[in-house]
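Peer 1: Pasting the sequence and the predicted model now:
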Amino acid sequence: MTTGNTTVEQILITPPTIEVSELSVRYAGKHGAVDALADISTTIEGGEFLALVGRSGSGKSTLLRAIGGLTRARAGSVRVGNRAVSEPPPQVRFVAQDYSQSLLPWLTVRENVLFGERHAVQSSHKFKVPVEEIIADVGLSHAIDRYPRELSGGMQQRVAIARAIASRPEIILLDEAFGSVDALSRATLQDLMLDLWRKFGFTAILVTHDIDEAIYMADRILVLSPNGRGLAAQIPIALPRPRRQIETREHPRYLEYRRKLLESVLSAPSLKSAEAA
């Protein structure tokens, strides 16, 4: 799916750099404290598409929530631009896996997206696009006056994405955002998000268990070690853009990246960062 041209004045955002420095997170557990994340350091450039992968329990969602100000650090810090993150930064929006819980069921598609616009990030450096255009961008013009209960799962997630875009964010955090839909809908949502990312210029950070999804979408992939033990690898993805479901997955380097990622995830060392070519 390809988004259309903007019909009003559009100023592409210039997202701030995100600095994660020696970040550690500890949760209070029933049988004592649990280290969910240890000693993570990375820099996420403005406008980058970053993916976080690793086994269950490696701390992917914890890192995402710390960047979004929803989880407090035990040690280290997260900075968005020149501000330390101690609460959710105003320029950040989440798109979660459970789309059915994120939409307001008593509002139509148009009204849900308008809700996002009414809570837009206040800045002179943002794009301003009519909600009808954003709804068209996600392929839901025909359903603009329907309620969430009248939509499929994939369509509901498109509404959630449109609402996030309407709030004019600089950073979108995607927590397994495509994990609850069928394979064909997932491919459509991947392409949709890449189109919107290219059009509006926000930073995107994606948590996913799907290695192929990470390679297909990201500029760079962080592999987290098991049991929250730190960063195992950082792998830049130098595949041509725009990405295409068939052509990209048939690219000679695609299988090379897939092998590196599988090796990194399956044999992830702790507390070390290995830069892969």
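Peer 2: Now that the structure is in, tell me what you want to look at. Numbering: from 1, shown residues only.
Peer 1: Am I right that F94 is in a strand?
Peer 2: Yes: assessed with DSSP: H, G, I helix; E, B strand; the rest coil, F94 lies in a strand.
Peer 1: Residues in a beta bridge with it, which ones?
Peer 2: L173 (DSSP bridges).
Peer 1: Got the confidence number for it?
Peer 2: On pLDDT, F94 comes in at 95.
Peer 1: what's the burial count for it?
Peer 2: 19 (other Cβ atoms under 10 Å). C-betas here are computed from N, CA, C, even on glycine.
Peer 1: how much space between it and E111?
Peer 2: Distance of F94 to E111, given as Cβ to Cβ, to the nearest Å: 20 Å.
Peer 1: mind listing what the nearest residue in space to V53 that is not next to it in sequence touches?
Peer 2: Leaving aside its chain neighbours, V53 sits nearest to A214 (5.1 Å; criterion: Cβ to Cβ, 6 or more residues apart in numbering). If you count contacts by Cβ atoms under 8 Å, 6 or more residues apart in numbering, A214 has them with A51, V53, L206, T208, I221, L261.
Peer 1: what's the burial count for the fourth one?
Peer 2: This points to T208. T208, neighbours per other Cβ under 10 Å, totals 24.
Peer 1: List the residues that contact it.
Peer 2: A51, L52, V53, E176, F178, G179, A214 are the contacts of T208 under Cβ under 8 Å, 6+ apart.
Peer 1: Equivalent analysis for the second one, please.
Peer 2: Contacts for V53 were tallied using Cβ under 8 Å, 6+ apart; they are K60, T208, H209, I211, A214, I221, L222, V223, L224, L261, V265.
Peer 1: With the fifth one instead?
Peer 2: For I221, the contact set (Cβ under 8 Å, 6+ apart) comprises L50, A51, L52, V53, A214, I215, A233, Q234, I235, I237, L261.
Peer 1: Repeat the analysis, applying 6 Å as the threshold.
Peer 2: Applying Cβ atoms under 6 Å, 6 or more residues apart in numbering to I221 gives the contacts A51, V53, A214, I235.
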